[in-house]
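>>> Here's a sequence, model it:
(one chain, ligands or ions: 1)
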Amino acid sequence: MTAPACSNTIDQNENVIEAENPSNPLPSIAKPIVVSTWNHGLEANKVAWKILRENGKALDAVEQGVRVTESDPDNMSVGLGGLPDRDGKVTLDACIMDHESNCGAVAFLQDIENPISVARKVMEETPHVMLAGDGALTFALEKGFEKTNLLTDKAKEAWQNWLKESDYQPVINSENHDTIGMLALDNEGNLAGACTTSGMAYKIHGRVGDSPIIGAGLFVDNEIGAACATGVGEAVIRTAGSAIVVELMRQGKSPQEACETAVARIISKHKSLDNLQVGFIALNKHGEYGCHSVYAGFNIALRDQEHEEMVDAKYEMEWD
Ligand code: SD4
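Residues are numbered from 1 along each chain as shown. As a prediction, this is how the structure comes out:
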């Protein structure tokens, strides 16, 4: 899956690129690739790949890619059709980051189908990184986004069924942690990433997860690599998950080794691992990728010149 981050490599013109000190930037080989979380990544990757293949920018690829999942009403964990919080409100978190360390995010945003594009506007058209709640909505409307009812009949019915139990505990299981995180490397050798979710189903109204938090749900350092996370956001925030994965790559670890070490960190920092699913994906400047999760079941979608496939992540534990 990955080659050692420090070995010499050959670029597309057959030039040998000498490995550098791992604390220095990795040499870039222009080799477009996109990786994203879970099965829905396959469809999202198609759109991202078309942009990459036509020499488009990684930033455009990840934004347009994850919009596919946000706009899919059948997907119950991202954007339109996402499962609501315990009060029946669909609230969205998203962030985006480019190769110049520009980043933008929205948190606790309601009624907007494509939060990733609002996050990009925050990045490009404000001096801020994150807008939340009503402020984010007002900003989105000012920028021309339209209000949409995100609660589909299917999601409403699921919420009403959940209400019958009325234990008012956010439900945590492997099925409802289905953020889409996407990382891309373009022909220019630039990296970008995007992350978007409706978050944990039946969460407390106002809860924000890791997905809009730069360094937790997503991190990109164009000198080294990019990483994103899926799963229980609280655990990812506690460990600065995606930033850690990138820093581990900076120290010379391969993307796979970096994801494994970050998962080990999550495990070591939690006394109870009940339902604590977290998965990471990472991509470095060579176009090498890795993925790893706490529990079985995490998979990623890969698209490059030779591959269009799902890859099962290795993991630490089986579910009981
Ligand atoms: C969250 N990390 O809100 C998100 C949920 C998720 O796959 O990743 N789902 O905690």
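
>>> Show me which residues of the stretch 101-250 of the chain are close to the ligand?
177-179, 197, 199-200, 209-211, 230-233 (Cβ under 6 Å from any ligand atom). The way it works is simple: take the backbone N, C-alpha and C, and place the C-beta from them, glycine included.

>>> what does stretch 150-161 contact?
If you take Cβ atoms under 8 Å, 6 or more residues apart in numbering as the criterion, stretch 150-161 is touched by 73-74, 76, 79-84, 88-90, 92, 110-113, 198, 201-202.

>>> Give me the buried subset of these.
Among those, those buried by neighbour count (16 or more other Cβ atoms under 10 Å) are 76, 79-84, 89-90, 92, 110-113, 198, 201-202.

>>> about what we covered before: can you put the residues of the stretch 101-250 of the chain next to the ligand in TSV and add neighbour count?
Converted to TSV, those look like this (neighbours: other Cβ atoms under 10 Å):
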residue	neighbour count
177	25
178	22
179	32
197	30
199	29
200	23
209	27
210	32
211	31
230	30
231	30
232	22
233	27
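
>>> Could you list which of those residues belong to helices?
In this view, those that belong to helices under DSSP state H are residue 233.

>>> Roughly how far does the residue nearest to residue 90 when sequence neighbours are not counted sit from residue 165?
Spatially, and ignoring its direct neighbours in sequence, residue 90 is nearest to residue 150 (4.0 Å; Cβ to Cβ, 6 or more residues apart in numbering). Using Cβ to Cβ, to the nearest Å, we find residue 150 at a distance of 23 Å from residue 165.

>>> for stretch 180-189, how far is the first residue from the last?
Counting by Cα to Cα, to the nearest Å, you get 23 Å between the two ends of stretch 180-189.

>>> buried sites along it?
180-187, 189.

>>> Could you give the bridge partners of the residue nearest the centre of the chain?
Nearest to the mean C-alpha position of the chain, by Cα atoms, centre = their mean, lies residue 181 at 2.0 Å. Residue 181 has these beta-bridge partners by DSSP bridges: residue 195.

>>> wait, doesn't it sit right on residue 209?
No: in this structure, residue 181 is not within contact of residue 209 by Cβ atoms under 8 Å, at 11.9 Å.

>>> rewinding a little: show me which pair in the residues of the stretch 101-250 of the chain next to the ligand is furthest apart.
Farthest apart among those by Cβ to Cβ are 178 and 210. That separation is 13.8 Å.

>>> For the stretch 101-250 of the chain, which residues score under the pLDDT cut-off?
Applying pLDDT under 70 to the stretch 101-250 of the chain flags residues 166-177.

>>> got the residue ranges for the helices in it?
Using DSSP state H, counting those that start in this stretch, the helices assigned to the stretch 101-250 of the chain run over residues 115-125, 133-142, 153-165, 233-238, 241-250.

>>> can you count the residues close to residue 107?
For residue 107, the neighbour count with other Cβ atoms under 10 Å is 24.

>>> That one contacts residue 214, correct?
No: look at residue 107 against residue 214 with Cβ under 8 Å: they stay out of range, at 11.3 Å.

>>> What's the end-to-end length of stretch 261-275?
End-to-end for stretch 261-275, by Cα to Cα: 19 Å.

>>> now check it, is it near the ligand?
No: if you take Cβ under 6 Å from any ligand atom as the test, stretch 261-275 misses the ligand, and the best it gets is 12.1 Å.

>>> Next one: the residue nearest to residue 90 from residue 113, what distance?
7 Å.

>>> Residue 266 now?
Distance from residue 266 to residue 113, by Cβ to Cβ: 31 Å.

>>> Check residue 32 too.
27 Å.

>>> shouldn't residue 195 be in contact with residue 181?
Yes: between residue 195 and residue 181 there is a contact under Cβ under 8 Å: 4.4 Å.

>>> so what sits against both of the two?
The contact sets of residue 195 and residue 181 overlap at 211, 217-218, 228-229 (Cβ under 8 Å, 6+ apart).

>>> quick check, nearest of those to the ligand?
residue 211 (4.9 Å; Cβ to the nearest ligand atom).

>>> Angles on the backbone of the closest one, please.
Phi and psi for residue 211, reported as degrees, to the nearest 10, are phi -60, psi -30.

>>> Great, nothing more from me.
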